[in-house]
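Q: Give me a model of this one.
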Amino acid sequence: MTAEHQRLEVNSTKSVPLVKWGPYLSERQWGTVREDYSVHGDAWHYFPFEHAHCRSYKWGEDGLAGISDFFGNLCFCVALWNGKDPILKERLFGLGNPQGNHGEDVKEMYYYLDNLPTHYYMQYLYKYPQQLFPYEKLREENKKRNWSDTEYEILDTGVFDENQYFDVLVTYAKQNAEDVFIKIDITNRFNKAAAITVLPTLWFYNRWKDDSLKEKPSIALLSKTSVRTEHERLGNNYFYFQPADNIFFTENETNTEIITGEPNKSIFVKDAFHNAVIEGKNIAELSKRKMGTKFSPVYNLKIEGSATSTIYCRLTSKQSDNPFFNGFKEIFSSRKQEADDFYAAILPKGMSEDMAQIQRQALAGILWSKQYYHFDVENWLSSSDGITEPSLIRKTGRNNDWKHLKNQDVIMMPDKWEYPWYAAWDLAFQCISMAVVDPTFAKHQLLLVMREWYMKPDGQLPSYEWNFSDVNPPVQAWAAMQVYNIEKKQKGKGDVVFLKKVFQKLLINFTWWINRKDINGNNIFEGGFLGLDNIGVFNRSFHFPGEIQLEQADGTSWMGTYALDMMDMAVEIAIHDRSFEDMATKFFEHFVLIAESLNEHGLWNEEDKFFYDILCVTGAEPIPLRIQSVVGVTSLYAVSTISKAILEKLSDFKKRTSWFENFRKENNKFWPNEERSKDGEILLSLVPKERLIFLLERLLDESEFLSNGGIRALSKYHEKNPYSVTVEGQLHTIKYDPGDSTSDMFGGNSNWRGPVWMPINFLIIQSIRKYGDFYGDELMIEFPKGSGKKMNLSQIAKELTKRVISLFEKDADGNRRLYGDYSWFYKQPGNEHLVLFYEYFHGDNGRGLGASHQTGWTALVAELISEYGNE
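A: Numbering: from 1, shown residues only. Now for the predicted structure:
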């Protein structure tokens with residue numbers, strides 16, 4: 001076992017498998033629902049970026065390249081000033097949703113380079129322009145652009161031309177769980193000397209303004225190079241730093257003069273360091289002060305061209321007379337070696353250096369995505385933030401039926417800037433990537449969102465904070481089995497107790513789906529947008545007035561998949577505990593009934609050989625919404641196999657399923673695709689074999705779904721053949737849209753009408769591989785369609801995997817397709833190894849789009865690389 005594996009082994013025995021210090025600090029707290037106390041729920045305008053530096057938060061903190069303890073009490077980040085900006089660079093800048101021509105978007109250059117599950121080693125790279133940071137230019141240029149234009153990015157502004165910027169590399173290395181060394185390397189990438197001010201900043205999350213603490217915490221000066229922090233929950237800690245040009249103390253309190261127009265009670269407010277460094281205000285007062293809740297040593301550096309200056313700090317629970325002892329720098333190299341050893345032990349051997357970099361940075365990103373998330377909905381609805389008083393409108397507004405939700409946990413975010421809140425189905429995919437490096441934490445996260453302070457008493461899982469009642473695809477059972485099997489492969493033994501816990505909770509959630517989303521009781525399900533934002537010709541979450549109902553092919557397919565996954569889970573548990581055999585039968589039978597509805601009740605269109613949503617209007621013929629999208633492909637996900645050995649072991653399950661089959665066939669009732677191999681293995685799937693072939697032929701057609709980077713969310717067929725439908729006198733139209741969204745549906749910051757999405761491709765590849773394992777060479781499909789070359793489904797899964805991975809790989813000229821027109825920047829010396837993990841990818845050219853640090857689910861490429869490398 002590597003040193004990191006040994007630490008993980010100790011961590012796995014904890015009730016909550018977390019270490020005290022980690023990357024738990026958010027990258028954006030402003031513009032969130034939690035901080036929104038406006039009457040009508042306008043989060044972006046109520047707490048904009050312009051307030052972040054001078055207004056204290058109520059539900060968390062944020063910062064640049066930062067860390068905190070696992071309750072977010074004490075935070076650390078790096079603040080910078082290039083001598084020109086109007087504010088310190090304390091946090092990442094981006095446009096709020098109303099400001100961007102495609103919704104919210106971060107406008108910075110930063111990278112998660114490395115991380116370990118116990119965070120004994122972490123690296124974060126930030127690129128800071130030496131010119132005036134183009135805040136206004138980014139706002140104004142994006143304001144001029146419309147939905148059909150590309151976004152105006154920071155690389156378009158020219159501030160990174162000629163390498164006129166600093167690389168700020170922040171490295172954390174722990175001596176032990178309570179002792180963190182910090183190294184800040186600032187490299188001048190320009191060929192001339194440049195000045196920069198660096199403020200390693202330590203501060204307390206302001207919990208005292210709502211009286212949740214008995215005593216206000218403090219940071220007090222011990223010496224010219226040390227302070228002591230005191231907090232009633234966290235205890236005492238010590239922060240050591242090298243001799244600085246100045247030392248500042250202030251309070252993490254709102255500058256009311258700016259925010260509300262009321263005079264400040266003192267000069268010691270949140271943005272006091274900004275005023276001192278930039279405008280020279282109150283420097284003497286800040287320097288003389290010996291105590292506060294926000295502290296920073298100040299380093300005024302002038303760095304020669306191509307040179308590097310380094311600042312060291314240390315955060316520890318024990319006082320030391322010699323904090324930077326002889327040889328302390330070796331801790332960084334030692335922890336780096338431990339990280340190398342850990343990844344060498346868990347990742348495939350023999351990969352190219354570039355492929356290994358992609359995989360390691362993907363996993364680093366998933367580890368950096370951990371964030372302390374604090375939200376008590378009941379308190380939020382009924383309280384004030386000190387600026388806006390509670391209102392009756394808010395009490396009956398957003399999330400008012402989620403008063404039980406009281407979150408205060410470290411949880412993985414889809415993207416810590418663009419989506420600094422958990423999302424139920426994103427989290428399920430994240431857990432698969434997390435299981436590669438830390439299966440214990442992956443299991444903890446899956447179970448966490450099912451706990452009583454998350455799940456509604458009726459069984460609904462919270463979607464995301466903008467609307468906890470929105471419905472995401474029910475992927476938790478599938479994800480749990482993925483995580484279980486990854487750990488079983490690693491350790492040789494599966495965690496059946498984990499499966500039992502998940503199973504019991506998901507029984508409640510499955511029942512909620514049956515009771516709430518199957519209105520007619522015919523096993524045809526709704527669900528609304530189901531995480532696919534603008535995939536429909538209209539907003540699928542909108543409830544039309546009158547007698548109109550949308551029956552959803554994907555909602556029904558997801559429930560068929562859910563039932564089959566629950567059956568798989570029950571079968572696995574029943575091998576160890578026969579009392580679960582009945583539940584395996586129950587979900588098998590439910591799967592059969594859903595398969596019947598999907599295939600027999602109008603969702604399959606025989607003319608097009610495809611599954612469609614159906615619009616049902618009372619007194620009129622049902623209208624198939626003939627949109628060729630991943631909605632109709634979802635049926636592929638429901639596929640499972642049961643070996644002869646398991647059937648023999650679970651005799652009651654075998655007996656009862658055989659009876660059910662005979663009964664239905666004798667009575668001319670539908671029976672789903674069930675095939676038996678020569679060795680007695682059974683294949684179960686929602687899609688009959690002939691329909692599977694039809695779907696695959698369309699899926700593998702480059703003029704439809706298949707792109708060079710994987711499967712598109714909407715067929716390219718609709719580029720020349722838009723689909724329109726009139727509902728309630730209003731015309732709705734959808735067409736192939738391979739890039740950014742051209743509609744404002746669901747905020748307009750993501751697009752499912754043509755781009756390639758990682759989670760969908762991962763599901764498709766996993767399913768095709770499973771079909772391939774069963775059919776072998778008995779089922780051959782042309783790949784790509786029209787090529788004349790036939791492959792078995794295992795080979796096709798591998799080819800699809802190659803296409804997805806190719807989005808990230810360097811080509812012969814050193815270009816990565818995901819960077820598109822910005823490849824010039826990533827071919828410069830020192831940038832060649834940097835990889836971003838975008839939310840989705842252009843359906844034609846593979847350029848990365850949407851959130852740029854969506855390791856939330858795009859980190860799945862790491863698992864695809866492992867599967868590809870191990871084949």
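
Q: can you give me the helices in the stretch 451-600 of the chain?
A: Secondary structure of the stretch 451-600 of the chain (DSSP state H, counting those that start in this stretch): helices at 476-491, 496-516, 553-574, 581-600.

Q: Out of these, which is the most enclosed?
A: Per-residue neighbour counts averaged over each of the helices of the stretch 451-600 of the chain give the maximum for helix 553-574, namely a mean of 26 (mean count of other CB atoms under 10 Å). (Each C-beta comes from the backbone N, C-alpha and C, glycine too.)

Q: CA-only coordinates of that one in PDB, if you can.
A: In PDB, the C-alpha atoms belonging to helix 553-574 read as follows (Å, rounded to 0.1, in the frame of the first residue of the first chain):
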ATOM      1  CA  ALA A 553     -40.000   8.300 -23.600                       C
ATOM      2  CA  ASP A 554     -37.000   9.100 -21.500                       C
ATOM      3  CA  GLY A 555     -38.900   9.400 -18.300                       C
ATOM      4  CA  THR A 556     -40.300   5.900 -19.000                       C
ATOM      5  CA  SER A 557     -36.900   4.500 -20.100                       C
ATOM      6  CA  TRP A 558     -35.200   6.000 -17.000                       C
ATOM      7  CA  MET A 559     -37.800   4.200 -14.800                       C
ATOM      8  CA  GLY A 560     -37.200   1.000 -16.700                       C
ATOM      9  CA  THR A 561     -33.500   1.500 -16.100                       C
ATOM     10  CA  TYR A 562     -34.200   2.300 -12.400                       C
ATOM     11  CA  ALA A 563     -36.200  -0.900 -11.900                       C
ATOM     12  CA  LEU A 564     -33.500  -3.000 -13.600                       C
ATOM     13  CA  ASP A 565     -30.800  -1.400 -11.500                       C
ATOM     14  CA  MET A 566     -32.800  -2.000  -8.300                       C
ATOM     15  CA  MET A 567     -33.200  -5.600  -9.400                       C
ATOM     16  CA  ASP A 568     -29.400  -5.900 -10.000                       C
ATOM     17  CA  MET A 569     -28.800  -4.500  -6.500                       C
ATOM     18  CA  ALA A 570     -31.300  -6.800  -4.900                       C
ATOM     19  CA  VAL A 571     -29.800  -9.800  -6.700                       C
ATOM     20  CA  GLU A 572     -26.200  -8.800  -5.500                       C
ATOM     21  CA  ILE A 573     -27.400  -8.400  -1.900                       C
ATOM     22  CA  ALA A 574     -29.500 -11.600  -2.000                       C
END
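
Q: which secondary structure elements does it contact?
A: The elements that helix 553-574 packs onto, with contact taken as 3 or more CB pairs under 8 Å, 6 or more residues apart in numbering; DSSP states H and E, are helix 476-491, helix 496-516, helix 581-600, strand 613-617, strand 639-642.

Q: any idea of the mean pLDDT for the next helix or strand after the fourth one?
A: Elements were assigned by DSSP states H and E; along the chain past strand 613-617, the next helix or strand is strand 623-625. Looking at strand 623-625 alone, the average pLDDT works out to 93.

Q: where does the nearest residue to residue 308 once chain neighbours are set aside land in three-state SS?
A: Once its chain neighbours are removed from consideration, residue 308 has its nearest residue in residue 187; the separation is 4.4 Å (CB to CB, 6 or more residues apart in numbering). Three-state secondary structure (criterion: DSSP: H, G, I helix; E, B strand; the rest coil) places residue 187 in strand.

Q: Now the residue lying farthest from the centre of the chain, what are its backbone angles?
A: In the chain, the residue that sits farthest from the middle, by CA atoms, centre = their mean, is residue 666; the gap is 48.3 Å. Its backbone dihedrals place residue 666 at phi -70, psi -30, with angles given as degrees, to the nearest 10.

Q: ok, now which ones touch the closest residue to residue 535 other than its chain neighbours?
A: Across the structure, with CB to CB, 6+ apart as the measure, the residue nearest residue 535 apart from its sequence neighbours is residue 752 (4.1 Å). For residue 752, the contacting residues are 532-535, 629-630, 713-714, by CB atoms under 8 Å, 6 or more residues apart in numbering.
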